[in-house]
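Asker: Sequence and predicted structure, then a few things I'm wondering about:
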Amino acid sequence: MVDPTRGVLYPARLPDFHRLGAPDPELAAWFWIPEWDIAPGRSSRQDIVAYPALNLVVEPEGVILAGPTTRVSHRDLRGSGWAVGALLQPAAVAALAEDPASLRDRAHPLAEPGLQRDVAAAMASGEGRRERAVAVLADWLSARAGEIGPAARQANAMSALLMSSGIRTPEEAAGRLAVSVRTLQRMAHRYVGLSPAAMIRRRRLQEAAERLRSGGGDLAAVAAEFGYADHAHLSTEFRAVLGFTPSSYRAATAG
């Protein structure tokens with residue numbers, strides 16, 4: 001099972017955080033719910049190297065479709081609040097965005113006041129509120145997506161394969177799916193908004209960061225384990241996406 005904090009660079013800073021299974025895994029990989037209550041005058045910064053996917057997010061302020069990211073992102077939490085999010089499968093993206101690539105590194109508001117109202121009511125309903133909020137969001141997503149066709153299912157299979165640790169290159173993924181590399185690229189662009197190579201790079205960067213936090217292995221061993229050419233290649237990727245080196249990250253997250 002994937003660590004629910006994968007992609008969170010500093011898990012110790014997380015507020016109350018829950019990851020719940022998806023009623024329909026063809027539409028969402030999982031649902032996530034943070035809740036926070038920060039003391040007045042203080043804030044909690046959350047640094048994220050997100051999954052190569054889109055997220056549907058309901059907050060007290062409204063509903064947004066958050067696009068795929070190409071760099072580390074952060075949010076400063078203040079006061080009290082919550083969010084209910086769905087990590088979308090490619091099959092769901094087709095019903096929400098004609099061009100997910102246009103949403104890279106940004107979020108698009110959705111005019112869905114009914115959805116926001118119903119999720120907010122569920123989150124205010126006491127014990128079992130998270131499960132009820134997920135059910136509301138999952139039902140809305142299912143109605144919006146409608147019947148899932150063969151192309152969307154193939155896109156889901158593509159995403160699952162590219163997020164598998166055993167896949168190192170787009171060519172390998174295309175061979176496993178019995179499609180051309182060009183077809184794989186078109187599928188990723190249409191259903192995710194990132195290239196297959198970018199999806200692989202994001203997965204292995206998450207995995208490498210997770211391993212560095214756990215303290216396992218020296219930097220050369222971590223680089224080799226996750227498909228980097230050498231320690232320098234790993235360091236270049238860290239600096240380009242995260243803005244710091246693997247060694248400084250390990251030092252910052254040491255227990």
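Answerer: Received the coordinates, thanks. Numbers count the residues shown, from 1 in each chain.
Asker: Show me where the chain has its strands.
Answerer: Secondary structure of the chain (DSSP state E): strands at 16-21, 28-37, 44-48, 55-59, 62-66, 73-77, 80-82, 84-88, 107-110.
Asker: got the angle between the second one and strand 73-77?
Answerer: Counting by axes from the mean of the first three to the mean of the last three CA atoms, to 10 degrees, strand 28-37 points 40 degrees away from the direction of strand 73-77.
Asker: related to what we said a few turns ago, can you tell me which of the strands of the chain comes nearest to L219?
Answerer: Shortest separation from L219 across the strands of the chain is recorded for strand 44-48, at 20.3 Å, computed as CB to CB. Bear in mind the C-beta positions are built from the backbone N, C-alpha and C, glycine included.
Asker: buried stuff in that closest one?
Answerer: Buried residues in strand 44-48, counted by 16 or more other CB atoms under 10 Å: Q46.
Asker: Which strands and helices lie in contact with it?
Answerer: Applying 3 or more CB pairs under 8 Å, 6 or more residues apart in numbering; DSSP states H and E, one finds that strand 44-48 contacts strand 73-77.
Asker: For stretch 6-22, C-alpha coordinates in PDB please.
Answerer: Taking C-alpha atoms only, stretch 6-22 is exported to PDB below (Å, rounded to 0.1, in the frame of the first residue of the first chain):
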ATOM      1  CA  ARG A   6       3.900  10.200  -0.100                       C
ATOM      2  CA  GLY A   7       4.400  13.500  -1.900                       C
ATOM      3  CA  VAL A   8       4.200  15.400   1.400                       C
ATOM      4  CA  LEU A   9       7.700  16.700   1.900                       C
ATOM      5  CA  TYR A  10       7.400  17.300   5.700                       C
ATOM      6  CA  PRO A  11       4.800  14.900   7.100                       C
ATOM      7  CA  ALA A  12       5.500  16.100  10.700                       C
ATOM      8  CA  ARG A  13       3.900  19.400   9.800                       C
ATOM      9  CA  LEU A  14       0.600  17.800   8.600                       C
ATOM     10  CA  PRO A  15      -2.600  18.700  10.300                       C
ATOM     11  CA  ASP A  16      -5.100  16.000  11.100                       C
ATOM     12  CA  PHE A  17      -5.000  14.000   7.800                       C
ATOM     13  CA  HIS A  18      -7.100  11.100   6.600                       C
ATOM     14  CA  ARG A  19      -7.000   9.100   3.400                       C
ATOM     15  CA  LEU A  20     -10.100   7.100   2.600                       C
ATOM     16  CA  GLY A  21     -10.700   4.500  -0.100                       C
ATOM     17  CA  ALA A  22     -12.600   5.300  -3.200                       C
END
